[in-house]
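Chemist: structure for this input, please:
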Amino acid sequence: MPTVAPLDLEGHVAGVAFLGDVPFFAESSGLIHRLDHGHKTVEAHEGLLSCIRDDATETLLTGGEDGKVLRIRADGTASEIANVPRKWISQVAAGPQGAVAYAYGKTAHVRLADGTVKDFTEERTVEGIAFAPKGLRIAVARYNGVSLHWVGIAGQPVDLEWKGAHTGVTFSPDGRFVVTSMQENALHGWKLDTKPGAETRHMRMTGYPAKIKSVSWSAKGKWLASSGAPAAIVWPFQAKDGPMGKAPLELGTRANIMVTQVCCHPAEEIAAIGYADGMIMVVRFTDSKEVLLRRPGKGAITAMAWNKTGRQLAFGSEAGDSGVVDIAG
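Modeler: Next up, the predicted model:
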């Protein structure tokens, strides 16, 4: 049976991650908690807006209402990557070779390991940013599509156009697809490995009753799980044209309780699914087998992360009730 070690925090949890075996919980207030031989706390920001794990360096990257971008190490020490007074840093991304991207207003900035900063200005506000899995390239989500920029090469960006507001962006692990979440309760995808001069193939993933706040790629990139419905909607990306013409899996269906977070396992084709009532299930893709990890709690699940072995799952909610599930319990 899975066992839950609870951690009660004051407020909304914006991000969770494991650094080594230590779980970290980032509160919107700017406090970052870690369970490392006891409960330890660091005051990182005056208001935290974004928190992600940088796999290349085993650190956290955070952005705040105080205009700071910080790198936080496993021992809780923080170093400043950027400081832009009076700007809100709601987008951060981790890239190869220690590169970090962050954005405010209409400009995305990429800071390289040697301290060089490259700026990429869009015509509209930057809503999402992601690094490609290979090569130093970024995707920037904005109104009416995505811009793809090579960081080290001066040149025109590749524009992937699709009308509407694109609010987040992700590359598939093999780099063949770019997928955005949209304001209009949909995902939109582009196939990147078309022949030069050929038209980019579009993928429309629609039919969601709510906005998609969470997406997660499976370990080998064969599936893309998403929130925004009373089930995790999991699109197949194994075929050369991705999910075009294929129906998604619907996992962990509950009658009227929305899925708010999804998090695919680091090795197996299963996903943790967090709901609006605080419940968490893990579901297998092949046969939809469900295991309850946590009963409903105080608030909607807002963040989840597996440790490297996939035996532990850290989670946080909008009400602050958080914890670590030990699957092997």
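
Chemist: give the rounded mean pLDDT of stretch 215-232.
Modeler: Per-residue pLDDT over stretch 215-232 has a mean of 97.

Chemist: report the buried residues of that stretch.
Modeler: Of all the residues in stretch 215-232, those buried under the rule 16 or more other C-beta atoms under 10 Å are 215-218, 221-232. In short, each C-beta sits where N, CA and C put it, glycine included.

Chemist: now swap in stretch 63-73 and tell me
Modeler: Buried, per 16+ other C-beta under 10 Å, within stretch 63-73: G63, G64, E65, D66, G67, K68, V69, L70, R71, I72.

Chemist: export stretch 36-46 to CSV, keeping only CA atoms.
Modeler: Output of stretch 36-46 as CSV, limited to C-alpha atoms (Å, rounded to 0.1, in the frame of the first residue of the first chain):
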residue,chain,number,x,y,z
ASP,A,36,16.1,17.2,4.4
HIS,A,37,16.6,15.7,7.9
GLY,A,38,13.8,17.8,9.1
HIS,A,39,11.7,20.6,7.6
LYS,A,40,13.9,23.5,6.4
THR,A,41,12.7,26.8,4.8
VAL,A,42,14.4,29.4,2.5
GLU,A,43,12.8,32.8,1.8
ALA,A,44,13.6,33.0,-2.0
HIS,A,45,11.3,35.6,-3.4
GLU,A,46,8.8,38.3,-2.5
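
Chemist: so where's the chain uncertain?
Modeler: Applying pLDDT under 70 to the chain flags residues 195-199, 329.

Chemist: mind doing that once more with 90?
Modeler: 1-2, 97, 134-135, 152-156, 193-201, 240-241, 245, 255, 328-329 (pLDDT under 90).

Chemist: show me where the stretch 151-300 of the chain has its helices.
Modeler: Here the stretch 151-300 of the chain has no helices by DSSP state H, counting those that start in this stretch.

Chemist: strands along that one, start to end?
Modeler: 158-171, 177-182, 187-191, 201-205, 215-217, 223-226, 232-236, 249-251, 259-264, 270-275, 280-284, 290-294 (DSSP state E, counting those that start in this stretch).

Chemist: as JSON lines, the ones you listed with distance to V22 would be great.
Modeler: Output for the strands of the stretch 151-300 of the chain, formatted as JSON lines (distance: least, C-beta to C-beta, whole Å):
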{"stretch": "strand 158-171", "distance to V22": "26"}
{"stretch": "strand 177-182", "distance to V22": "30"}
{"stretch": "strand 187-191", "distance to V22": "33"}
{"stretch": "strand 201-205", "distance to V22": "35"}
{"stretch": "strand 215-217", "distance to V22": "21"}
{"stretch": "strand 223-226", "distance to V22": "25"}
{"stretch": "strand 232-236", "distance to V22": "27"}
{"stretch": "strand 249-251", "distance to V22": "30"}
{"stretch": "strand 259-264", "distance to V22": "18"}
{"stretch": "strand 270-275", "distance to V22": "19"}
{"stretch": "strand 280-284", "distance to V22": "20"}
{"stretch": "strand 290-294", "distance to V22": "20"}
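
Chemist: quick revisit: what's the closest of the buried residues of stretch 63-73 to V146?
Modeler: Comparing the buried residues of stretch 63-73 against V146 with C-beta to C-beta picks out G63 as the nearest, at 20.1 Å.

Chemist: now the closest one, nearest residue through space, not along the chain?
Modeler: Using C-beta to C-beta, 6 or more residues apart in numbering and skipping residues adjacent in sequence, the residue nearest G63 is I89, 3.1 Å away.

Chemist: what number of residues lie near that neighbour?
Modeler: As a burial measure, I89 scores 26 neighbours (other C-beta atoms under 10 Å).

Chemist: so it sits against C51, correct?
Modeler: No - I89 is beyond contact range of C51, at 11.0 Å (criterion: C-beta atoms under 8 Å).

Chemist: joint contacts of those two?
Modeler: Both I89 and C51 are contacted by G63, under the criterion C-beta atoms under 8 Å, 6 or more residues apart in numbering.

Chemist: phi, psi for G98 please.
Modeler: Per-residue torsions, G98: phi 80, psi 10 (degrees, to the nearest 10).

Chemist: so what's it up against?
Modeler: Here G98 is in contact with A56, T57, L112, A113 (C-beta under 8 Å, 6+ apart).

Chemist: from those, list the buried ones, please.
Modeler: When those are checked against 16+ other C-beta under 10 Å, the ones flagged as buried are T57, L112.

Chemist: which among the contacts of G98 gets closest to K298?
Modeler: Of all the contacts of G98, T57 has the smallest distance to K298: 33.8 Å, by C-beta to C-beta.

Chemist: show me what contacts the closest one?
Modeler: T57 makes contact with R71, A94, G98 under the criterion C-beta under 8 Å, 6+ apart.
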